[in-house]
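# One predicted model, sequence on top.
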Amino acid sequence: GSTIGIIGGGQLGRMLAMAAARLGYRTVILEPQADCPAAQVANEQIVAAYDDPDALERLAELSDVITYEFENVPVDAAETLNETTPVFPPPEALKVSQDRVTEKRFLNKAGIPTAQWRIVENEGDLEAALLAFEGKGILKTRRFGYDGKGQVKFSGAKGEDAKAGFAAIGSVPSILEGLVDFTREISVIAARDAAGNIRIYDIAENVHRDGILATSTVPASVSSTIAGLAADSAHKLLAALNYVGVLGMEFFVLANGTLLANEFAPRVHNSGHWTEAACAVSQFEQHIRAVAGLPLGDTRRHSDCVMENLIGDDVAKLPAILAESGAVVHLYGKADARPGRKMGHVTRITKRL
Ligand code: ATP
Ligand code: MG
Ligand code: MG
C-alpha cells in the first residue's frame, strides 16, 4: 500500500506523517480541527469528527492501512474501518487502554503487576477502598484522563474527604489506585510487527511536573534486572494484544526492586521522542514500518540524551536552545503557547557512544 490513514492530527500525527513521507508514503489525516499540527505535513486532511460515518468511509477508501495517534479514537469507528481496511494497532488495544479498569485487568491477567486497585462507582465505594488502602491512593477517572487530569490524591492525612474527592473528579466512574511510593518512573517504547517480531528501545527515566511529562533521560539509572523486567512486561503485553505498531508503557520502580506497570498507550509516546535524536530509526519511523508491513528497524541508541518538553512559554527559551550544540529541536507548529500546552521538545545529546 502507499497511503497511510492517520486518525488524529496532533503533534504525534504530525511526526508520524513526517516519518511516513520519508519512507515514500502519502498520508491522509482525519481530524476535526482544520489548523491542527499534522495538517502542515500530511498530504490530505478530512476535516470531520472521528466518528463521522461519511468521513470514515472516505478515510477507508483513500487509505491502504489506517493507524491512530491517540487512544480515545472511538472503538466502534476503528472496528468498522477494520472491516474494509486494516487498522493497526488492533482496535482491541484501543478498547483495553481507554478504560483504566479494563487496562489494569488486562495487565494483571497477562502477568504484569500494577498498583492495587478498586473500582469506584460512588462515594461509598471510595470510602471502602480508601479504608482498604489505609487512606492512601490516587482516584482517577476511568476514561479520558491525560497529563494527570481527572485525578485526586489521598495521602492518608486527616480530614481528607472521600465525598469531596469524588465530586472533584466529576463523580464519574473511576478507579482508586494504591499510592505507589516510587523511587523513579521509567517507560519502554516497544514495537511489534505482524509476524510477531519485537524490538525494544532502551528504557527512559521520566520526570513529571504538574502531571505533565517534563523530561526523559536515557539511559535510565536502573539495574539491568529492572530493565529486563520492563522489557519482559512489554513482550507479554504486545503478545497478549497481538499488537502491530509502537506502544509506550509506563512503570514505577520501587526502592525494594519491584516494578509496577502504571499504564500503556497504544501509540507512539512522548517519552520516546528522544529516539529521533539518538537512534537510527525513530519511534515514528518504527511505527510506520510496523503498520505498513516493512521490516522493523534498528532500535540501538548511538548517544545518551535528555529529552525536554517545551510547554507553554518554554518556547521563549528557544533562541538560547537553538544556540546550543548537540540540541535537536522539534516544534509542532502551534501558534498559541497556552499554559500546559506541548509546543515542542528538545533532545540534548549528552554523550556519543
Ligand atoms: P499521561 O499523560 O501519561 O497519559 P495520565 O493522566 O494518564 O498521564 P498517569 O500516568 O496515570 O496519568 O499519572 C500521572 C502521574 O501521576 C504519573 O506519571 C505519576 O507520577 C503519578 N501517579 C499516577 N498514578 C500513581 C500512583 N498509583 N501512585 C503514585 N503516583 C502515581
Ligand atoms: Mg495516560
Ligand atoms: Mg501516564
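Structure received. Ligands and ions are numbered 1, 2, ... in the order given.

# Tell me the buried residues in stretch 303-320?
S303, D304, C305, V306, M307, E308, N309, L310, I311, G312, D314, V315 (16 or more other C-beta atoms under 10 Å). Using the backbone N, CA and C atoms, a C-beta is placed for each residue, glycine as well.

# Would you map the helices across this structure?
With DSSP state H, the ranges of helices along the chain come out as 11-22, 53-62, 75-82, 91-97, 100-109, 123-132, 162-168, 224-240, 275-278, 283-292, 318-323.

# For ligand 1, which of those helices is the nearest?
Nearest of the helices of the chain to ligand 1, taken as C-beta to the nearest ligand atom: helix 100-109 at 7.6 Å.

# helices and strands around that closest one, which ones?
Applying 3 or more C-beta pairs under 8 Å, 6 or more residues apart in numbering; DSSP states H and E, one finds that helix 100-109 makes contact with helix 91-97, strand 117-120, strand 174-178, helix 224-240, strand 259-265.

# May I see the buried residues of the fourth one?
Applying a neighbour-count criterion of 16+ other C-beta under 10 Å, the buried positions in helix 224-240 are I226, A227, L229, A230, A231, S233, A234, H235, L237, L238, A240.

# Point out the most buried one among the helices of the chain.
The highest mean neighbour count among the helices of the chain, using mean count of other C-beta atoms under 10 Å, belongs to helix 283-292: a mean of 26.

# which other residues reach it?
1, 4, 15-16, 18-20, 22-23, 25, 65, 67, 88-89, 189, 191-194, 199, 201, 244-246, 267-269, 272-273, 275-276, 281, 294-297, 299 (C-beta atoms under 8 Å, 6 or more residues apart in numbering).

# ok and that helix relative to helix 11-22, angle-wise?
70 degrees (axes from the mean of the first three to the mean of the last three C-alpha atoms, to 10 degrees).

# Could I get the CA-only coordinates of helix 283-292 as CSV?
Below are the C-alpha coordinates for helix 283-292, written out as CSV (Å, rounded to 0.1, in the frame of the first residue of the first chain):
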residue,chain,number,x,y,z
GLN,A,283,9.7,5.5,17.2
PHE,A,284,7.8,7.3,14.5
GLU,A,285,9.5,5.5,11.6
GLN,A,286,9.3,2.3,13.6
HIS,A,287,5.5,2.7,13.9
ILE,A,288,5.1,3.4,10.2
ARG,A,289,7.3,0.4,9.3
ALA,A,290,5.2,-1.9,11.5
VAL,A,291,1.8,-0.8,10.2
ALA,A,292,3.0,-0.7,6.6
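
# Show me which residues of the chain sit near ligand 1.
By C-beta under 6 Å from any ligand atom, the part of the chain that sits against ligand 1 consists of 115, 138, 145-149, 177, 179-180, 185, 208, 211, 250, 262-263.

# Now a ChimeraX select for only the buried ones of the residues you listed.
The ChimeraX command for the buried members of these (criterion: 16+ other C-beta under 10 Å) is given here:
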select :115,138,145,177,179,180,185,250,262,263
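
# Out of the residues of the chain next to ligand 1, name the ones that lie in strands.
I138, E177, E185, H208, E250, N262, E263 (DSSP state E).

# can I get those residues in JSON lines with pLDDT?
Shown next, in JSON lines, are these (pLDDT from 0 to 100):
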{"residue": "I138", "pLDDT": "97"}
{"residue": "E177", "pLDDT": "98"}
{"residue": "E185", "pLDDT": "98"}
{"residue": "H208", "pLDDT": "96"}
{"residue": "E250", "pLDDT": "98"}
{"residue": "N262", "pLDDT": "98"}
{"residue": "E263", "pLDDT": "98"}
